[in-house]
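1. Quick one, structure for this:
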Amino acid sequence: MAHRRDFKNFIRGLFRDVDVPLFAAVAAISLFGAVNMYGIIGPGSLLTKHLIFVVVGLGLMIVLSFVNYRYLKNYSFPVLALYFLSLFLLLLTFYSQSVRGVNAWIVLGQFTFEPAELAKLMLIVLMAKYFSQRHVHINQFKFIVIAGIYFVLPVGIMLAQPDLGSAIILSLIWLGMLLAAGINKRHLFLLLILAVVVSYGAWVGVLKPYQKERLVSFVNPGADPLGTGYNLIQSQVAIGSGHWFGNGLGKGSQATLGFLPEPHNDFVFAAAAEQFGLVGLGLILAAVAFIISRTLAIGRAAMSNFGKLFSIGISIFIFAHALIGASVNIGLMPVTGLPFPFLSYGGSYMISLMSGLGVLQSIKRYG
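-> Numbering: from 1, shown residues only. Predicted structure coming up:
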């Protein structure tokens, strides 16, 4: 009896002063993602690894909630050290194995790590710290330039890999946090003009013909149904075949028979639609929206500007992945290779996302 009481007290201690609804929602959608994964690939090593990532990620969220976030807020050395470590790991990808023509992973035997996910998290931490200390000087353009250097270094490496999807996410995070910090309209207009010029230059002088074809194929996938348009066509077929309530767990023929490419990662949203229908997709999107709302609520209640800005950065991190992932699957955007939050297979993204949510829970715990 005493052991049972001690265990209950231990569990209460773990969740005291954290946002329990946020943790419950994250746990629920992550476990749903594991069930969805089982229906796609069945039992095996891939499913086992995914379950390990989920369990480790949830545990990491709890552990990091006890680490006072003020170490990140008040001390520059650990933040800069982790930021430059992420840059170093990004550079190492050029000396690692290429996957589908992209050098975005560090591959060591059976171990695969995607440094871009760590870089996204570290940019959020660094920008939250930088702008929280200089928010009264945000109208001085030199501080925007310095913040831009911190942003350009990782995004430049990502574009060289080339990993356009991660570069887009990083750009949205940086721009969103600039807006949250209070950038004035004149500086924002200059940045948008610069972004247009850089994008045009990249299209003309950087992107290869096959990359351009991939980017525009979503406009008319039927023009090359067996080539650049194949992925999108199969994704739309999978979503359409699910109708309202889906075909049932493990009964998605597009995914299980191999017609749908990357059903456990890039097109996991379409695979979920095939199994659980539009109602299932609605519940997934509702869960993601609830998680984002709880994330923003923690930021609004935070006593520090760091906490407020960090919550906005993590919200953009989740929202951008969900928006782009869903848009790619239904044909509103070109294929980018980005994981869908909490559903896609991948330890790098899962661990980075859960670590960020752990820091967020620390903000809730320590104020």
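
2. what helices or strands is the strand or helix carrying I146 leaning on?
-> Secondary structure assignment for I146, by DSSP states H and E: helix 141-160. Contact here means 3 or more C-beta pairs under 8 Å, 6 or more residues apart in numbering; DSSP states H and E; on that basis helix 141-160 packs against helix 76-92, helix 115-134, helix 164-181, helix 185-205. For the C-beta atoms, the positions are set from N, CA and C on the backbone; glycine is no exception.

3. try 7 Å this time
-> Contacts defined by 3 or more C-beta pairs under 7 Å, 6 or more residues apart in numbering; DSSP states H and E place helix 141-160 against helix 76-92, helix 115-134, helix 164-181.

4. quick one: the longest one to chain centroid distance?
-> In other words, helix 115-134. 14 Å (C-alpha atoms, centre = their mean, to the nearest Å).

5. what does that helix rub up against?
-> 72-73, 79, 82-83, 86, 89-90, 93, 104, 106, 138, 143, 147, 150-151, 154, 158, 163, 166, 169-170, 173-174, 177, 181, 304-306, 309-310, 313-314, 317, 348-349, 352, 355-356 (C-beta atoms under 7 Å, 6 or more residues apart in numbering).

6. let's go with 6 Å and repeat that
-> Here helix 115-134 makes contact (C-beta atoms under 6 Å, 6 or more residues apart in numbering) with 72, 79, 82-83, 86, 89-90, 143, 147, 150, 154, 158, 163, 166, 170, 173, 177, 181, 305-306, 309-310, 313, 348-349, 352, 356.

7. ok, of the residues you listed, which come out buried?
-> Neighbour counting by 16 or more other C-beta atoms under 10 Å classes 72, 79, 82-83, 86, 89-90, 143, 147, 150, 154, 158, 163, 166, 170, 173, 177, 181, 305-306, 309-310, 313, 348-349, 352, 356 among the contacts of helix 115-134 as buried.

8. And Y230, how close does it get to P162?
-> Per C-beta to C-beta, to the nearest Å, Y230 is found 21 Å from P162.

9. what's the answer for I318, then?
-> 24 Å.

10. quick one: buried residues of stretch 232-247?
-> For stretch 232-247, the neighbour count (16+ other C-beta under 10 Å) marks L232, I233, Q234, S235, Q236, V237, A238, I239, S241, G242, G246, N247 as buried.

11. Which pLDDT value belongs to the third one?
-> Spelled out, that is Q234. Confidence at Q234, expressed as pLDDT, is 86.

12. List the residues that contact it.
-> F259, L260.

13. next structured bit after the helix or strand containing it?
-> Q234 is located in helix 230-241, with elements delineated by DSSP H and E. Downstream of helix 230-241, the first helix or strand assigned by DSSP H and E is helix 253-256.

14. Name the residues of that next one that are buried.
-> Quick answer for helix 253-256 (16+ other C-beta under 10 Å): Q254, A255, T256.

15. returning to what we had before: in CSV, list the C-alpha atoms belonging to the helix holding Q234.
-> The C-alpha coordinates for helix 230-241 follow below in CSV (Å, rounded to 0.1, in the frame of the first residue of the first chain):
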residue,chain,number,x,y,z
TYR,A,230,3.6,10.4,-59.6
ASN,A,231,4.0,11.1,-55.9
LEU,A,232,1.2,13.7,-55.8
ILE,A,233,-1.2,11.6,-57.9
GLN,A,234,-0.8,8.6,-55.6
SER,A,235,-1.2,10.8,-52.5
GLN,A,236,-4.5,12.3,-53.9
VAL,A,237,-5.7,8.8,-54.7
ALA,A,238,-5.0,7.6,-51.1
ILE,A,239,-6.8,10.6,-49.6
GLY,A,240,-9.8,10.2,-51.9
SER,A,241,-10.1,6.5,-51.2
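
16. quick one: that helix to chain centroid distance?
-> Its chain's C-alpha centre and that of helix 230-241 lie 23 Å apart, by C-alpha atoms, centre = their mean.

17. What segments of the stretch 251-367 of the chain are helices?
-> Secondary structure of the stretch 251-367 of the chain (DSSP state H, counting those that start in this stretch): helices located at 253-256, 268-301, 305-330, 347-366.

18. Now tabulate those helices in CSV and tack on mean pLDDT and distance to G44.
-> Listed next are those as CSV, based on pLDDT from 0 to 100; distance: least, C-beta to C-beta, whole Å:
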stretch, mean pLDDT, distance to G44
helix 253-256, 83, 13
helix 268-301, 95, 16
helix 305-330, 94, 24
helix 347-366, 94, 16
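
19. Distance to Q110 for those - can I get that in JSON lines?
-> As requested, those are arranged in JSON lines below (distance: least, C-beta to C-beta, whole Å):
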{"stretch": "helix 253-256", "distance to Q110": "24"}
{"stretch": "helix 268-301", "distance to Q110": "22"}
{"stretch": "helix 305-330", "distance to Q110": "25"}
{"stretch": "helix 347-366", "distance to Q110": "12"}
